[in-house]
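Novice: Predicted model and sequence follow; I will ask about them next.
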Amino acid sequence: MEVFIGIDLGGTYIKAIALQKDGSLLLEKQIPTLPERGSGDVIKRMASFVKEIQETLNQPIKGVGVTVPGVLRREEGIVVMMPNFPPDQWRGVHLRDQLHQLTGWSVELLNDARAAAYGEKVFGAGRNFSHFICLTIGTGIGGGIVADGRLLMGSRGVGGEIGHQVVVPNGELCGCGNKGCLETVASGPAIVTSAIRFIKQGLHTKIRELVESDLNLITPEIVAQAAGMGDQAAIHILENVAGHICTALNNMKAVLNPEAVILGGGIANNDLLLRMIEERLEEKEILFPHYLGSMQVKRAELTHMAGAYGAAAWVMHTSREGK
Ligand SMILES: [Zn+2]
């Protein structure tokens, strides 16, 4: 039996799955990341975690795929930066080689959002599509593009950053250094910021009642809950978010001519927002109708394990290609 391990390195948990070659799940496990202990400690515990899984399964491991929540030099297996981890701890870390040395198995790295897109392609909502874009909307907005059935990487492996396309010229400063990226207006924190602004402006909204006036308790889920109750301010916030997401999706549609968009992440679980996005995309189908066709809106299927599935699928792919 050939076993592939997918590891999703997140700020809170290190999640792992073990898959057989046909994709059947053998095991799913997680341990806390404890990023404050530094990269060396996290990598050592990741290695012990994989060894423990191997001992449990008592099967040889064919390869280990690891997601990196940030920028990496994939071909060299080096982390460039991971924004949600202690700064300077991970810059320039040879994650692939260190894990390989500690475990002896072949290791491949992939950005977490690209891994989620690839996981959906191989095992999830993208199975039946050769051309799709994937947006993971949470604290940030991650993206991935599958074109001609392959994960689009770009010249330096950073292609697919859909969340960092500008949708508001000269808008708010984004963590990436640019201004007005989709992430600044449609991510979880952007939704919360809009709600707080409305409340501070004195607008009547159920959002305030739901958090009993404690603005620190506002989450995107609370805003969605208020919108579901018919609250106009909350509906306005979600409509704005849907509008920006659709601007981005229509840009991508004109460039890539995809068959579908797959939406994942906590915020994409909101039915109302999904419906708003679908309706707006349909309105825009008057553009180039015969050339571009319609773009189906699908919900991601792999949810919280998408990164781990994608990492395992990726290492399967690279072992097959003999890279
Ligand atoms: Zn940006």
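Specialist: Good, I have the coordinates.
Novice: Give me the nearest residue to residue 248, chain neighbours excluded.
Specialist: Using C-beta to C-beta, 6 or more residues apart in numbering and skipping residues adjacent in sequence, the residue nearest residue 248 is residue 182, 4.7 Å away. Using the backbone N, CA and C atoms, a C-beta is placed for each residue, glycine as well.
Novice: And the helices in the stretch 51-200 of the chain?
Specialist: For the stretch 51-200 of the chain, applying DSSP state H, counting those that start in this stretch gives helices covering 95-103, 112-123, 182-186, 188-200.
Novice: Identify all contacting residues around the third one.
Specialist: Looking back up the chat, that one is helix 182-186. 137, 140-141, 162-165, 167-168, 171-176, 190, 240-241, 244-245, 247-248 (C-beta atoms under 8 Å, 6 or more residues apart in numbering).
Novice: Are any of those residues buried, and if so which?
Specialist: Among the contacts of helix 182-186, those classed as buried by 16 or more other C-beta atoms under 10 Å are 137, 140-141, 162-165, 167, 171, 174, 190, 240-241, 244-245, 247-248.
Novice: wait, which of the helices of the stretch 51-200 of the chain is closest to the ion?
Specialist: Closest to the ion of the helices of the stretch 51-200 of the chain, according to C-beta to the ion: helix 182-186, at 5.3 Å.
Novice: Would you pull up how far the longest helix anywhere in the chain lies from the middle of the chain?
Specialist: For the chain, the helix that runs over the most residues, judged by DSSP state H, is helix 232-256. Helix 232-256 sits 18 Å away from the centroid of its parent chain (C-alpha atoms, centre = their mean, to the nearest Å).
Novice: Does residue 115 touch residue 8 like I think?
Specialist: Yes: with contacts counted by C-beta atoms under 8 Å, residue 115 reaches residue 8, the gap being 7.4 Å.
Novice: Now render the helices of the stretch 51-200 of the chain as TSV, adding distance to residue 151 and mean pLDDT.
Specialist: Formatted as TSV, the helices of the stretch 51-200 of the chain follow (distance: least, C-beta to C-beta, whole Å; pLDDT from 0 to 100):
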stretch	distance to residue 151	mean pLDDT
helix 95-103	18	96
helix 112-123	5	95
helix 182-186	20	96
helix 188-200	25	96
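Novice: Go through the ones you listed and pick out the most buried.
Specialist: Comparing the helices of the stretch 51-200 of the chain by mean neighbour count (mean count of other C-beta atoms under 10 Å), helix 112-123 ranks first with a mean of 28.
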